[in-house]
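Here is my input, please return the structure:
(2 chains)
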There are 2 protein chains.
Amino acid sequence: MSTTMTQAPQILDGKGLSERIKGEIADEVQAWMSRGHRAPHLAAVLVGEDGASRTYVDHKVRSCARVGFESTLIQRPADITQEELIDIVHGLNGDPSIDGFIVQLPLPDHLDAEAVIEAVDPAKDVDGFHPVHMGNLALGMPGFVPATPAGIMTLIERSGIETEGKHAVVIGRSSIVGTPMSLLLSRAGTPGNCTVTLCHSRTKDLEAHCREADILVAAVGRPGMIGADMVKAGAVVIDVGITRVEDDTAKRGYRLKGDVDYDSVAPKCSWITPVPGGVGPMTIVSLLRNTLTAAQAKLQP
Amino acid sequence: MSTTMTQAPQILDGKGLSERIKGEIADEVQAWMSRGHRAPHLAAVLVGEDGASRTYVDHKVRSCARVGFESTLIQRPADITQEELIDIVHGLNGDPSIDGFIVQLPLPDHLDAEAVIEAVDPAKDVDGFHPVHMGNLALGMPGFVPATPAGIMTLIERSGIETEGKHAVVIGRSSIVGTPMSLLLSRAGTPGNCTVTLCHSRTKDLEAHCREADILVAAVGRPGMIGADMVKAGAVVIDVGITRVEDDTAKRGYRLKGDVDYDSVAPKCSWITPVPGGVGPMTIVSLLRNTLTAAQAKLQP
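This is a model prediction of the structure:
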């Protein structure tokens, strides 16, 4: 069907790039503070005891220290009421010492996540989940882009991957990854200007769509679902899926696995993200970037 | 390449359907007023002398009368300043007798259309152009859907066309048609659940993408660009393009032509919209629907 790539693929090293960008942000923070401003300040709200959520939030808090931000972690039990959570959000909205904050998702089922997201002041919504940010994104206007899609766009841009006129196939239509990713890849700009096909659970013949992709973005959360037979030779493959898979040989009892069957797919690709160490670290970098932007946009003393 | 359809295509009669829906809206307005409410009231702001814009606004004003709405037409010369136009918007935002209003686009080049759109109170933005509405649309949350995509979805739904799992190809990535159309067709729901490919000016091999479409939406504004060789046998073809083409034999000196070469394409389709009389009348119906919703959401006495 197609020629086999004989060269090894180039690794989209999100971990390495994220460290370099954190260094850049740290320098910017120092310059910002040397002009008399206080340190940017990110707050995170964590509800309940979900292990993956705790890990993500811990990473975010540690990254704040790395770049010279202040951070505040607000933890509440899983049985918090909607009113109590909204009160916390309103408090953070009104607190001039907080530049940006996130409410770690998913929330327990009895809470209305949409209402919580809409309660966040868009100027402090550094996750970019508020409808006005999604609207600005769709309209090509400035705003906070959700951290995962923003991180992927930075990874593509910094790796010098040409996107203009390419056919991108995005699998998964979630509000926080697949849908914004499809909008970013299709909009006028660099990176951008792709012809984009958005696939999801109701798509028929997913395999055939994937095989058409010059750029394939998998954001489903089904480990190893993308096999070598679904990837065109020379494609760029971005793996957003991060699932904990039980593994008794691993120290923590699990390992992280992406949507892409890396070992079989990698030899066919021009570029591919590993899991872990690909998209994940770039997500946190985008959150830090949004927080610095929020702090500077306020022009606080 | 494909079997030729021997049956005539079914016409997506937007004109006929829009008249039926106007009748339904008129009945709802009467019921609303019989409960002691005043008539819904739509205002339209028209800047400058563009002939097509005037025609559209005239249609909207006439349609208001048809369904029992009040309407107000505010006309200003093309040299209005940004400040004067924003003042008009703020006045309409604050006027409790106005339920919804539109600023007819395009605006003259010296005006900042984005700033005008953002100045409109979302609760009165019955065109659905404010970023918060686009965001709600992308997120699958309630809000005002832009009138043209909303009209197309209604046309599809009322015609009983099955969309689930179909491959839709949308040509054109504009903020008011192509992009929201792609989001509506891909989102979970009925109609919806399509696999959607969004094509635009930077797309390579547009013909090949179009030939894959079960549902083809053309929103470019290039008369006759979609020929029979670009359409799969049995496809549903939605033509959003409306361009004035000079025609000395026509009474007004021009006729309206769509993006689709109707005469050659129609015999291959299962369904097709004519131009005029397809998408255009449905757009106005959606504007009326949004205005009634705005009036009722206010629960004014």
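
Strands of the stretch 151-300 of chain A, start to end?
Here the stretch 151-300 of chain A has its strands, by DSSP state E, counting those that start in this stretch, at A:167-171, A:195-199, A:215-218, A:236-239, A:243-246, A:254-257, A:271-272.

what's the angle from the second one to strand B:167-171?
Think strand A:195-199. Interaxial angle of strand A:195-199 relative to strand B:167-171 (axes from the mean of the first three to the mean of the last three CA atoms, to 10 degrees): 150 degrees.

Could you dump the strands of the stretch 151-300 of chain A into a markdown table and include mean neighbour count, distance to chain B and mean pLDDT?
C-betas here are computed from N, CA, C, even on glycine. Shown next, in a markdown table, are these (neighbours: other CB atoms under 10 Å in any protein chain shown; distance: least, CB to the nearest CB, whole Å; pLDDT from 0 to 100):
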| stretch | mean neighbour count | distance to chain B | mean pLDDT |
| --- | --- | --- | --- |
| strand A:167-171 | 28 | 8 | 98 |
| strand A:195-199 | 28 | 4 | 98 |
| strand A:215-218 | 27 | 13 | 98 |
| strand A:236-239 | 27 | 16 | 98 |
| strand A:243-246 | 13 | 22 | 91 |
| strand A:254-257 | 18 | 26 | 92 |
| strand A:271-272 | 22 | 20 | 98 |
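
which one of these lies closest to A:Ser71?
Comparison of those against A:Ser71 by CB to CB identifies strand A:254-257 as nearest, at 23.9 Å.

Now tell me what touches the closest one from outside.
A:Pro223, A:Gly224, A:Gly241, A:Ile242, A:Thr243, A:Arg244, A:Val245, A:Glu246, A:Asp247, A:Val275, A:Pro276 (CB atoms under 8 Å, 6 or more residues apart in numbering or on different chains).

burial count for the first one?
A:Pro223 has 19 neighbouring residues, counting by other CB atoms under 10 Å in any protein chain shown.

what do you get for the fourth one?
Neighbour count for A:Ile242, taken as other CB under 10 Å: 20.

Could you find the closest non-adjacent residue to it?
Nearest residue to A:Ile242, sequence neighbours excluded (CB to CB, 6 or more residues apart in numbering or on different chains): A:Leu256, at 5.4 Å.

element containing the residue nearest to the spatial centre of chain A?
For chain A, the residue nearest the mean C-alpha position is A:Thr148 (1.3 Å; CA atoms, centre = their mean). Element membership for A:Thr148 (DSSP states H and E) is helix A:147-158.

Format the CA atom coordinates belonging to that helix as CSV.
Once non-C-alpha atoms are left out, helix A:147-158 reads as follows in CSV (Å, rounded to 0.1, in the frame of the first residue of the first chain):
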residue,chain,number,x,y,z
ALA,A,147,-3.8,23.8,28.0
THR,A,148,-3.6,20.5,26.2
PRO,A,149,-4.4,21.7,22.7
ALA,A,150,-2.2,24.8,23.3
GLY,A,151,0.6,22.5,24.3
ILE,A,152,0.3,20.4,21.2
MET,A,153,0.3,23.5,19.0
THR,A,154,3.5,24.6,20.7
LEU,A,155,5.1,21.2,20.3
ILE,A,156,4.3,21.2,16.6
GLU,A,157,5.5,24.8,16.1
ARG,A,158,8.8,24.4,18.0
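
Can you give the distance of it from its chain's centre?
When distances are taken as CA atoms, centre = their mean, to the nearest Å, helix A:147-158 is centred 8 Å away from the chain's centroid.

same for it, what does it pack against?
Here helix A:147-158 touches helix A:14-34, helix A:178-186, strand A:236-239, helix A:279-298, going by 3 or more CB pairs under 8 Å, 6 or more residues apart in numbering or on different chains; DSSP states H and E.

can you pull the contacts of the residue nearest to the centre of chain A?
Contacts for A:Thr148 (CB under 8 Å, 6+ apart) come out as A:Ile176, A:Val177, A:Met181, A:Ala219, A:Val240, A:Val279, A:Met282, A:Thr283, A:Ser286.

and what of A:Asp239?
A:Ala218, A:Ile226, A:Gly258, A:Asp259, A:Val260, A:Tyr262, A:Ile272, A:Thr273, A:Pro274, A:Val275, A:Gly278, A:Val279 are the contacts of A:Asp239 under CB under 8 Å, 6+ apart.

for A:Glu246, same thing?
Residues in contact with A:Glu246 (CB under 8 Å, 6+ apart) are A:Gly253, A:Tyr254.

try A:Gln82
A:His110, A:Leu111, A:Asp112, A:Ala115, A:Val116.

Let's see that with 6 Å instead.
Taking CB atoms under 6 Å, 6 or more residues apart in numbering or on different chains, we find A:Gln82 in contact with A:Leu111, A:Asp112.

now do A:Ala228
So A:Ala228 contacts A:Ser264, A:Val265, A:Lys268 (CB under 6 Å, 6+ apart).

now it: how far from chain B?
From A:Ala228 across to chain B, the span is 22 Å (CB to the nearest CB, to the nearest Å).

Look at the closest residue to that residue other than its chain neighbours and report its pLDDT.
In this structure, A:Ala228 finds its nearest non-sequential neighbour in A:Ser264, 4.1 Å apart by CB to CB, 6+ apart. Per-residue confidence (pLDDT) for A:Ser264: 96.

And the pLDDT for A:Thr4?
A:Thr4 is given a pLDDT of 50.

do the same with A:His59
Note for A:His59: predicted pLDDT of 92.

Just confirm it is within a helix.
Yes - per DSSP: H, G, I helix; E, B strand; the rest coil, A:His59 lies within a helix segment.

which residues does it contact?
If you count contacts by CB under 6 Å, 6+ apart, A:His59 has them with A:Ile284.

do the same with A:Ile80
The neighbourhood of A:Ile80, defined by CB under 6 Å, 6+ apart, consists of A:Val47.

Repeat that for A:Ile215.
A:Lys166, A:Ala168, A:Val236.

Quick check: bridge partners of the spatially closest residue to it that is not a sequence neighbour?
If the residues on either side of it in the chain are set aside, A:Ile215 comes closest to A:Ala168, at 4.1 Å by CB to CB, 6+ apart. For A:Ala168, the beta-bridge partners under DSSP bridges are A:Val196, A:Ile215.
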